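Novice: sequence? don't have it. structure:
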């Protein structure tokens, strides 16, 4: 599935639940930046504890083969 077709499929499905505004295309970069900022803030919160760092490291090891060193 091409990227454009996938994007169109998601937009069509989303539009059934709540239509996008006419300015979505111009605002999309801002929405993405907000999403990234929120994600970074969540990761910062998680790594502030030893348990969070351990869980995050475990997830990274699962996602990145060959990354089996202890932190």
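Specialist: Structure's in. What do you need? Please read all numbers here as calculations on a predicted model, not as lab measurements.
Novice: for the longest helix along the chain, packing partners?
Specialist: Counting by DSSP state H, the longest helix found in the chain is helix 24-46. Where contact means 3 or more CB pairs under 8 Å, 6 or more residues apart in numbering; DSSP states H and E, helix 24-46 is packed against helix 50-63. Placement of C-beta: from N, CA and C, glycine included.
Novice: by how many degrees do the helix it packs on and helix 24-46 diverge?
Specialist: Taking axes from the mean of the first three to the mean of the last three CA atoms, to 10 degrees, one finds helix 50-63 and helix 24-46 inclined to each other by 120 degrees.
Novice: Check the gap between residue 56 and residue 34 for me.
Specialist: 22 Å (CB to CB, to the nearest Å).
Novice: Between these two, which is the more surrounded one?
Specialist: Each of residue 56 and residue 34 has its neighbours counted (other CB atoms under 10 Å); residue 56 has more, 14 against 10.
Novice: Return the residues in contact with the more buried one.
Specialist: Neighbouring residues of residue 56 by CB atoms under 8 Å, 6 or more residues apart in numbering: 43, 46-47.
Novice: Nice, that's everything, thank you.
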